[in-house]
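J.: Build me a model from this:
(one chain, ligands or ions: 1)
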Amino acid sequence: MEVQVCFALSLIALLGVADAQVPHWGACPEPSTQPAFNLKRFMGRWFEVARLPAQFEKGRCIETNFTLTSESSALVQSSEVLKGEVKRIEGTAVVDDQKNPAKLGISFSYVLPYTPYWVLYTDYVSSAVVYSCTDVLRIFHVDLAWVLGRSRRLPESTVLRAKQILMENRIDVSRMIASPQEDCDRAV
Ligand SMILES: *[C@@H]1O[C@H](CO)[C@@H](O)[C@H](O)[C@H]1NC(C)=O
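T.: You can find the predicted model right below:
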């Protein structure tokens, strides 16, 4: 047990530095996901409207373009503007659980494991709520969440509804912040 706790604490340190994520005690919550999720309809361009937790050091104008590559996988192309430059990153999304196609995994490198990318809610045409949680030995978990929009801005009521969906699944949204999407079409 001591070894496990030690391992867990070093992981906290590691993840903490890398992502400014705050660990929460206990295992990951088990949120409900989008029923009858349709991967094909989820494809295309999504903008990051809000994210959890606050990562102020990150870039602006974050967007992701999903392209279907098979019935259960997609190419993921993300970009952000960081210090005036457009940074691009490519990855792969796969349906992780055939019984629940809303549970995707995304990997941005062959050497990195797939991290959970669970679509809790989407109407496919305007907004989506995505959650990612990683358990460490069921002692604690670190999580990320995103409110995505088909446009750079969503009505305040849509963002509030998205936060409500996260809260209903016992996900702490107190550190959620709006993602900067100003002056983006000029920047890129
Ligand atoms: C998204 O990817 C598809 C396929 O590569 C491409 O045709 C489309 O132009 C891309 N859209 C954006 C907004 O980058």
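
J.: Heading C-terminal from the helix or strand encompassing residue 75, find the next helix or strand.
T.: Here residue 75 sits within strand 73-82, counting by DSSP states H and E. Per DSSP H and E, the first helix or strand lying C-terminal to strand 73-82 is strand 85-95.

J.: That next one: which residues count as buried?
T.: 91-95 (16 or more other C-beta atoms under 10 Å). Backbone N, C-alpha and C define where each C-beta goes, glycine included.

J.: which bits of this structure sit near the ligand?
T.: When proximity is defined as C-beta under 6 Å from any ligand atom, the chain approaches the ligand at 45, 65, 67.

J.: does the residue in the chain positioned nearest to the ligand count as helix, strand or coil?
T.: In the chain, the residue that lies nearest the ligand is residue 65 (3.7 Å; C-beta to the nearest ligand atom). Three-state call for residue 65 (DSSP: H, G, I helix; E, B strand; the rest coil): strand.

J.: so what's the closest residue to residue 39 other than its chain neighbours up against?
T.: Spatial nearest neighbour of residue 39, excluding adjacent residues (C-beta to C-beta, 6 or more residues apart in numbering): residue 101 at 6.0 Å. Residues in contact with residue 101 (C-beta atoms under 8 Å, 6 or more residues apart in numbering) are 37-39, 72, 95.

J.: What distance do you get for residue 78 to residue 157?
T.: Per C-beta to C-beta, to the nearest Å, residue 78 is found 27 Å from residue 157.

J.: oh sorry, the question was meant for residue 138
T.: Per C-beta to C-beta, residue 138 is found 36 Å from residue 157.

J.: right, and the helix or strand after the strand or helix carrying residue 40?
T.: For residue 40, the host element (DSSP H and E) is helix 39-42. Next helix or strand after helix 39-42 toward the C-terminus (DSSP H and E): strand 44-52.

J.: Other residues contacting that next one?
T.: By C-beta under 8 Å, 6+ apart, the residues outside strand 44-52 that reach it are 62-66, 127-128, 143-154, 159, 162-163, 166, 171, 173, 175-179, 181.

J.: ok, of these, which come out buried?
T.: Neighbour-count burial (16+ other C-beta under 10 Å) applied to the contacts of strand 44-52 gives 62-64, 66, 127-128, 143-150, 152, 154, 159, 162-163, 166, 171, 173, 176, 179, 181.

J.: mind listing which of the residues you listed are in helices?
T.: Judged by DSSP state H, helices contain the following of the buried ones among the contacts of strand 44-52: 159, 162-163, 166.

J.: how about CSV for the residues you listed, with distance to residue 50 and pLDDT added?
T.: Putting these into CSV (distance: C-beta to C-beta, whole Å; pLDDT from 0 to 100) gives the following:
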residue, distance to residue 50, pLDDT
159, 6, 97
162, 7, 98
163, 8, 97
166, 10, 97
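
J.: ok, back up a step: give me the pLDDT value at the nearest residue to the residue of the chain closest to the ligand once chain neighbours are set aside.
T.: Among residues not flanking residue 65 along the chain, residue 77 sits closest, at 4.6 Å (C-beta to C-beta, 6+ apart). pLDDT, residue 77: 97.
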